[in-house]
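J.: prediction below, plus the sequence it came from.
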Amino acid sequence: MKCVRSIRRGILRGLLKSSGGQSLVEFALVAPLFFLLIFGMLDLGRVLFTQMTLQHALREAGRYAVTGNHITQGGTNLSRVASIKQIAQNSAAGADVSSVTISSVSGGSGSAGGPQDTVTVSLTTSLKLITPLIGRYFGPNGVYTFTVGTTFRNEPFPPANTN
């Protein structure tokens with residue numbers, strides 16, 4: 001009888017000293033915080049990348065706008081506004097720049113202006129965040145909205161290039 005008790009005590013001590021389940025419990029407590037941190041960093045990286053990409057695209061479009069040049073596509077010249085939008089799209093690296101607006105002081109919205117005029121290229125777009133817990137701080141849909149714009153003064157190009 002004494003031998004059976006000592007065997008039971010030995011087994012019980014072995015089970016109590018075992019820490020196999022402890023690691024699993026610690027991981028279960030730390031994993032949600034770890035994954036929130038990882039996906040939060042991914043969201044922040046996507047937001048910063050998109051912001052820099054949009055700024056670059058509009059800066060390039062503005063630099064092209066001041067020259068008064070037109071892009072030739074299929075043997076015909078695009079309008080200045082269409083050319084500026086095309087340059088923005090080419091520089092956007094996959095970001096959505098379809099809602100680019102171009103305006104000038106003398107021509108108003110939809111015009112790139114004439115020589116020595118001030119032209120503004122702007123864009124408002126949005127990005128859906130992938131982390132719901134972080135996304136809820138950016139509105140009910142978890143969408144971050146970007147507003148980017150740039151303003152340049154046109155060079156003294158020939159007035160015939162205005163259209």
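T.: Sure, I can see it.

J.: so where is this protein shaky, pLDDT-wise?
T.: Along the chain, the parts satisfying pLDDT under 70 run over 1-2, 11-20.

J.: for it, which helix is longest?
T.: helix 20-65 (DSSP state H).

J.: now find how far off-centre that helix is within its chain.
T.: Here helix 20-65 is found 10 Å from its chain centre; the criterion is CA atoms, centre = their mean, to the nearest Å.

J.: name the helices or strands packed onto it?
T.: For helix 20-65, the packing partners by 3 or more CB pairs under 8 Å, 6 or more residues apart in numbering; DSSP states H and E come out as helix 80-91, strand 118-128, helix 132-135, strand 143-153. C-beta here means a position set from N, CA and C on the backbone, and glycine is covered the same way.

J.: closest to Arg63 out of these?
T.: Closest approach to Arg63 among the helices and strands packed on helix 20-65 is made by strand 143-153 (7.1 Å; CB to CB).

J.: that closest one packs against which elements?
T.: So strand 143-153, by 3+ CB pairs under 8 Å, 6+ apart, packs with helix 20-65, strand 118-128.

J.: next, the buried residues of it.
T.: Tyr144, Phe146, Val148, Gly149, Thr150, Phe152 (16 or more other CB atoms under 10 Å).
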